[in-house]
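Asks: Generate a structure from the sequence data that follows.
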Amino acid sequence: MYRQQILDHYKNPRNYGELEDPDFTHVGENPSCGDTIRVDVALADDGETIEAVRFTGDGCAISMASTSMLSERLRGMTIEELHELETDDITEMLGVDISPMRVKCAVLGRQVTQDGAKIHRGELDVDRTRTED
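Replies: Below you'll find the model as predicted:
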């Protein structure tokens, strides 16, 4: 059903846990299934480059695995590059076809991280965050 890579990231998530002093933290939920992800991000001295990402949460194999894979991919990216990530980038990263019902699970980590960055920059009001694509 799932590729070995997804199962590996689900059972052994990379960068799981919390950062001691993140530049921003954000929590989001997929209301259709109840998956919840918290993402902590530390930025480099330039304030633009992602230096470290950690996450915690409770969710299905797809949401946890995609957030684990994303946490590895984000290191070294800029905030601008983070905002350019789209749904297709995430589904390609997973390497399997995702049903329309599961896409929200797959992109939850990306959306939480993007919203957290926007809140950090003052571009999004914390009360107006979304976790749906």
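Asks: where's Val15 relative to Glu123, distance?
Replies: Actually, residue 15 is Asn rather than Val. In this view, Asn15 and Glu123 are 25 Å apart by Cβ to Cβ, to the nearest Å. The C-beta positions use only the backbone N, C-alpha and C, and glycine is treated the same way.
Asks: Neighbour count for these two, which is higher?
Replies: Taking other Cβ atoms under 10 Å, Asn15 and Glu123 do not tie; Asn15 has more neighbours (19 against 10).
Asks: which ones are touching that one?
Replies: Going by Cβ atoms under 8 Å, 6 or more residues apart in numbering, Asn15 touches Ala52, Val53, Arg54, Phe55, Ser68, Ser71, Glu72.
Asks: Give me the spatial nearest neighbour of it, chain neighbours excluded.
Replies: Excluding the flanking residues, the one nearest Asn15 by Cβ to Cβ, 6 or more residues apart in numbering is Ser71, at 3.9 Å.
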